[in-house]
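Engineer: Let me see the structure of the following:
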Amino acid sequence: MNQITPTNASIGAQTKTEPPQQSLGQADFLELMVAQLQNQDPSEPMDNNQFLSQMAQFSMVNGIDSLNTGFSNMSSSILGDQGLQAAGLLDRQALVETSLASFDGKKPITGTIEAPPNSSDIKVTVKDNSGSVVRVFAAQIGPSGQPTIEWDGRDQQGKSMAAGNYNMTATANVAGNQQGLPLAVSNTITSVSIDSTSRQIKLNLSNGNTVALSDVKEYR
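Structural biologist: Residues are numbered from 1 along each chain as shown. Reported below is the predicted structural model:
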């Protein structure tokens, strides 16, 4: 079952020593103020300005604590909402800059290539996990003029390949020189997780990679 899961969980039982508390809380602050009033010298009562100053400090501490709590609650709420929204992306295709493509045995692999304007003879090479070349084909030019990838899952002889991960590379003739080009490939979003350290939403893809929402160029 696809689900949102936390990541970076610790393995095994660990003993953690909590550091001594270095700051006073609201209750401690108020207790000190009351004790100061109760134990003041009757002949030299606390100056009104001093008392008001301490009350202002207490209000500031209370306000900062409330503000921090509010920000923490708001952050958790926003993160939860983002997680729920990201869960709606399950089973969709995420176009991400990578050469690793997951083939399910049926659906064609699609992608895009970043090519300089003076590029020609743009070709895509598909290799299996052993590094053997499965297929070499020419890239297509999309409506926007950008070279695109579409591999139907067949080898050079037209035989259907097994489901699994395949590596794709793109090359082109650029100003008379053969040059490798960066590409992006679509993979299925299989699950969504929340990184417990960075507090970021992560997408787990069918090729085994995990990416941030900001890494996705396009959803398909």
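
Engineer: I'd like the mean pLDDT over the top strand by length along the chain, please.
Structural biologist: For the chain, the longest strand by residue count, based on DSSP state E, is strand 183-195. Along strand 183-195, the predicted confidence averages to a pLDDT of 92.

Engineer: let's have the chain start at 36 instead
Structural biologist: Got it, first residue is 36 now, which makes that one strand 218-230.

Engineer: As PDB, could you dump the C-alpha coordinates of it?
Structural biologist: Presented in PDB, the C-alpha positions along strand 218-230 are these (Å, rounded to 0.1, in the frame of the first residue of the first chain):
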ATOM      1  CA  LEU A 218      18.700  14.400 -20.100                       C
ATOM      2  CA  ALA A 219      15.600  13.900 -17.900                       C
ATOM      3  CA  VAL A 220      13.600  10.700 -17.700                       C
ATOM      4  CA  SER A 221      10.100  10.100 -16.300                       C
ATOM      5  CA  ASN A 222       9.600   7.500 -13.500                       C
ATOM      6  CA  THR A 223       6.500   6.600 -11.600                       C
ATOM      7  CA  ILE A 224       6.000   8.100  -8.100                       C
ATOM      8  CA  THR A 225       5.500   5.000  -5.800                       C
ATOM      9  CA  SER A 226       5.300   6.700  -2.400                       C
ATOM     10  CA  VAL A 227       5.800   9.900  -0.500                       C
ATOM     11  CA  SER A 228       7.900  10.400   2.600                       C
ATOM     12  CA  ILE A 229       8.800  13.200   5.000                       C
ATOM     13  CA  ASP A 230      12.500  13.500   5.800                       C
END
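
Engineer: Can you give me the buried ones in whichever helix or strand comes after it?
Structural biologist: Counting by DSSP states H and E, the next helix or strand C-terminal to strand 218-230 is strand 236-240. Taking 16 or more other C-beta atoms under 10 Å as the neighbour-count basis, strand 236-240 is seen to contain the buried residues 236-240. All C-beta spots, glycine's among them, are computed from the backbone N, C-alpha and C.

Engineer: how big is the angle separating strand 236-240 from strand 218-230?
Structural biologist: If you take axes from the mean of the first three to the mean of the last three C-alpha atoms, to 10 degrees, strand 236-240 sits at 130 degrees to strand 218-230.

Engineer: show me where this protein has helices.
Structural biologist: With helices called from DSSP state H, the chain shows them at 61-73, 83-122.

Engineer: lowest-confidence stretch among those helices?
Structural biologist: helix 83-122 (a mean of 60).

Engineer: Domain-wise, how is the chain divided?
Structural biologist: The record, using automatic domain parsing to delimit domains, assigns the chain the ranges 85-122, 128-222.

Engineer: Nearest to Ile229 among those domains would be which one?
Structural biologist: Between Ile229 and these, the shortest gap by C-beta to C-beta is with domain 85-122, which sits at 5.8 Å.

Engineer: circling back: buried residues, the longest strand of the chain. List them.
Structural biologist: Along strand 218-230, the positions that meet the burial threshold by neighbour count (16+ other C-beta under 10 Å) are 218-224, 226-229.

Engineer: Stretch 241-255 too?
Structural biologist: Across stretch 241-255, burial judged by 16+ other C-beta under 10 Å covers 241-242, 244, 246, 250-251.

Engineer: And for stretch 191-210?
Structural biologist: Residues of stretch 191-210 classed as buried under the neighbour-count rule (16+ other C-beta under 10 Å) are 196, 201-203, 205-207, 209.

Engineer: so which of the residues you listed would you say is closest to Ala129?
Structural biologist: Met203 (15.6 Å).
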